[in-house]
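Trainee: After the sequence you'll find the predicted model.
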Amino acid sequence: MGFPGTWMTESESVVYRVVPKCACSTIGQIMYYSDHGTFFEGDIHDATQGLHKWAREESQAAIKANVKTHSSYAFTCVRNPYTRILSSFFDKICGIQRNGKRYRGNLVPLLIQKYGIEVGGEDGTEEFDQVKSFRRFLLFARDTIRWRRPMDPDIHWSAMSGHVSTFIVNGGRYDRIFWTEQFNEGMQQVLDAIETPKDVVLKEVPRFNESEGHGPKRLHPVEDYFDDLSMHLVYEIYKRDFELFKYDFENPGNKMPIGEIDLDEVHAKLGD
């Protein structure tokens, strides 16, 4: 199976397992900059050179050799499950993508038809009941994850623990997992632990939020989108994410972690 979603600098200074919707654009750009002294022009997800990616066939041997021998520092980044699924909804379901089209072509029409979701009209600018539509989207997300219908789960709303685990199951080991909510602190610890060809001054790095502006603005506080049923669905989908990455399931309004991530626990529970 290899190491899907894994990126590595060309200098092999660091290895990163991408978790969608968890600052991956910014992290990818920092890695690119740390080798080349410039940022990639455009979305780092589109880069086909300058950064090893498992999706590039010519990168696979180098990544595999490095990860199997744990030759470089390896890390990933996670995010509160409540804010992550909300972000996925506004970006991927309500938003128009970089190519000027809806995400995954017929996905949104399917959701409108089967789940009664509204997305703000053709261009996502019309008013609609965000809370009601989001809760219906949550049912759809649960259906894809539990029963793989009406389609397989999408990487942007499948559980973070699933992404994180493929790296471990196939022989990798993380040196650090940090939270999006404490990004500067976590990313700085990674940079302090590695040697890079170019120095990175973290406070001078712009935020590369490639999903920003794709969809309508969130009108309500996070907790308003989650009633008892929604919280139950979120727990059903993301139970391991809350437990392993120490987020507060009881309070959707608290995006901050409530404990320290135990790397040994993560490797033990996701490595089987």
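Mentor: Received the coordinates, thanks. Residues are numbered from 1 along each chain as shown.
Trainee: continuing past the helix or strand where Lys68 lies, what's the next helix or strand?
Mentor: Assessed by DSSP states H and E, Lys68 sits inside helix 57-69. Later in the chain than helix 57-69, the nearest helix or strand by DSSP H and E is strand 73-78.
Trainee: circling back to that earlier point, what sits up against the helix holding Lys68?
Mentor: 2-3, 6, 8, 12, 15, 52-54, 71-72, 74, 167, 170-172 (CB atoms under 8 Å, 6 or more residues apart in numbering). The C-beta positions use only the backbone N, C-alpha and C, and glycine is treated the same way.
Trainee: Kindly report the same for stretch 251-270.
Mentor: 80, 82-83, 161, 164-165, 168-169, 173-179, 181-182, 221-223, 225-226, 231, 234, 240, 244-248.
Trainee: For Val14, grab phi and psi.
Mentor: phi -160, psi 150 (degrees, to the nearest 10).
Trainee: what do you get for Phe40?
Mentor: Residue torsions, per degrees, to the nearest 10, at Phe40 are phi -70, psi 130.
Trainee: For Arg135, pull up the helix or strand it's in.
Mentor: Residue-wise, Arg135 maps onto helix 130-147 under DSSP H and E.
Trainee: Send over that helix as PDB, restricted to the C-alpha atoms.
Mentor: This file holds the C-alpha atoms of helix 130-147, laid out as PDB (Å, rounded to 0.1, in the frame of the first residue of the first chain):
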ATOM      1  CA  GLN A 130     -26.700  27.100   7.000                       C
ATOM      2  CA  VAL A 131     -27.500  25.200  10.200                       C
ATOM      3  CA  LYS A 132     -30.200  23.000   8.600                       C
ATOM      4  CA  SER A 133     -28.200  22.300   5.500                       C
ATOM      5  CA  PHE A 134     -25.000  21.500   7.500                       C
ATOM      6  CA  ARG A 135     -26.900  19.000   9.700                       C
ATOM      7  CA  ARG A 136     -28.200  17.200   6.600                       C
ATOM      8  CA  PHE A 137     -24.700  17.200   5.200                       C
ATOM      9  CA  LEU A 138     -23.600  15.500   8.400                       C
ATOM     10  CA  LEU A 139     -26.000  12.700   7.800                       C
ATOM     11  CA  PHE A 140     -24.500  12.200   4.400                       C
ATOM     12  CA  ALA A 141     -21.000  12.300   5.700                       C
ATOM     13  CA  ARG A 142     -22.000   9.600   8.300                       C
ATOM     14  CA  ASP A 143     -23.600   7.500   5.500                       C
ATOM     15  CA  THR A 144     -20.400   7.600   3.400                       C
ATOM     16  CA  ILE A 145     -18.200   6.700   6.400                       C
ATOM     17  CA  ARG A 146     -20.400   4.000   7.900                       C
ATOM     18  CA  TRP A 147     -21.900   2.400   4.800                       C
END
